[in-house]
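Asker: Next comes the sequence, and after it the predicted model I'd like to discuss.
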Amino acid sequence: MDRTVNNCYVRHMARPRQFDEERVLGAVRDQFWDAGYAATSLEDVMRVSGLGKGSLYAAFGDKHQLFLRALRSYLDAGNGYLREMLDSAPRALDALRAFVMAPVSDPSGAGARRGCLMANTTCELATVDPDVMAEARRTYEATTALVAECVVRAQGEGDVPPDADPIETARALLAAQQGLVFMGRTGLDIDKLTATARSLAAQLLPGT
């Protein structure tokens with residue numbers, strides 16, 4: 001084949017996608033978040049994304065690969081938000097308390113009932129899906145490290161006892177937060193859940 005013709009053919013075949021990848025991932029993420037992985041069909045994915053089966057497979061692979069892409073996008077964004085929240089608080093102790101209280105930050109209770117996509121996914125798939133298990137471990141380890149940095153800062157500000165282990169403290173705070181997430185998924189009254197969150201924050205972060 002003539003090289004000029006061949007180059008034109010390659011350029012034609014490599015034309016850019018005619019859709020917003022981030023919008024598609026966001027729509028698919030919300031579908032998985034609300035319905036769960038098993039209950040989301042390929043037809044559901046096609047409906048919310050606005051793409052046909054061929055376009056979805058060409059861009060993202062099968063349902064499982066698409067789910068992992070959406071999950072990783074959610075987790076990366078969440079870690080970025082968490083770092084910004086922890087770093088921007090005037091005092092680290094306030095940031096740590098806000099971290100624990102995050103599941104009840106929506107006074108309507110809608111956020112608590114919806115839960116966290118990672119927590120929901122861990123419950124549904126981690127024991128049967130090695131990829132999800134790996135993402136869960138990576139995410140919780142990264143979160144623990146970020147919170148531990150904030151604990152060290154709070155120690156420097158005199159708000160957390162200097163002999164507290166930052167990693168162990170961070171894991172305790174994460175366990176408390178995730179416990180609230182699971183309780184929220186049961187439909188527990190938001191006022192009761194908020195009272196529980198405040199009690200946990202007061203016990204784990206009493207100040208010096």
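Answerer: Alright, I've got the coordinates.

Asker: For the helix or strand that V45 is a member of, list every residue counted as buried.
Answerer: Remark: V45 resides in helix 42-49, with elements defined by DSSP states H and E. Using 16 or more other C-beta atoms under 10 Å as the test for burial, helix 42-49 gives D44, V45, V48, S49. (Glycine included, C-beta is placed from N, CA and C.)

Asker: I'd say the first one and Y37 touch.
Answerer: No: applying C-beta atoms under 8 Å, one finds D44 not in contact with Y37, separated by 10.9 Å.

Asker: next helix or strand past the helix holding V45?
Answerer: helix 53-60.

Asker: Give the buried residues for that next one.
Answerer: Quick answer for helix 53-60 (16+ other C-beta under 10 Å): S55, L56, A59, F60.

Asker: Repeat that for stretch 61-79.
Answerer: Of the residues in stretch 61-79, those buried under the neighbour-count criterion (16+ other C-beta under 10 Å) are K63, L66, F67, L68, R69, A70, L71, S73, Y74, L75, G78, N79.

Asker: for stretch 96-112, same thing?
Answerer: Along stretch 96-112, these residues count as buried under the neighbour rule (16+ other C-beta under 10 Å): L96, R97, F99, V100, M101, A102, P103, V104, G109, G111, A112.

Asker: How about stretch 184-192?
Answerer: Of the residues in stretch 184-192, those buried (16+ other C-beta under 10 Å) are G184, R185, L188, I190.

Asker: so can I have CSV of the residues you listed showing distance to M85, secondary structure and pLDDT?
Answerer: Output for the buried residues of stretch 184-192, formatted as CSV (distance: C-beta to C-beta, whole Å; DSSP: H, G, I helix; E, B strand; the rest coil; pLDDT from 0 to 100):
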residue, distance to M85, secondary structure, pLDDT
G184, 19, helix, 94
R185, 22, helix, 93
L188, 24, coil, 93
I190, 21, helix, 95
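
Asker: Out of these, give me the two with the largest separation.
Answerer: Maximum pairwise distance in the buried residues of stretch 184-192, criterion C-beta to C-beta, is 12.6 Å, between R185 and I190.

Asker: Just list the residues touching A58, thanks.
Answerer: A58 makes contact with no residue under the criterion C-beta atoms under 8 Å, 6 or more residues apart in numbering.

Asker: Just name the shakiest helix or strand of this structure by mean pLDDT.
Answerer: Every helix and strand of the chain was ranked by mean pLDDT, DSSP states H and E. The lowest is helix 3-13, at a mean of 44.

Asker: What's the first helix or strand after that one?
Answerer: Tracing the chain past helix 3-13, the next element assigned as helix or strand by DSSP H and E is helix 21-35.

Asker: In terms of secondary structure, what does that next one contact?
Answerer: The criterion is 3 or more C-beta pairs under 8 Å, 6 or more residues apart in numbering; DSSP states H and E, and the helices and strands that helix 21-35 contacts are helix 42-49, helix 63-88, helix 117-125.
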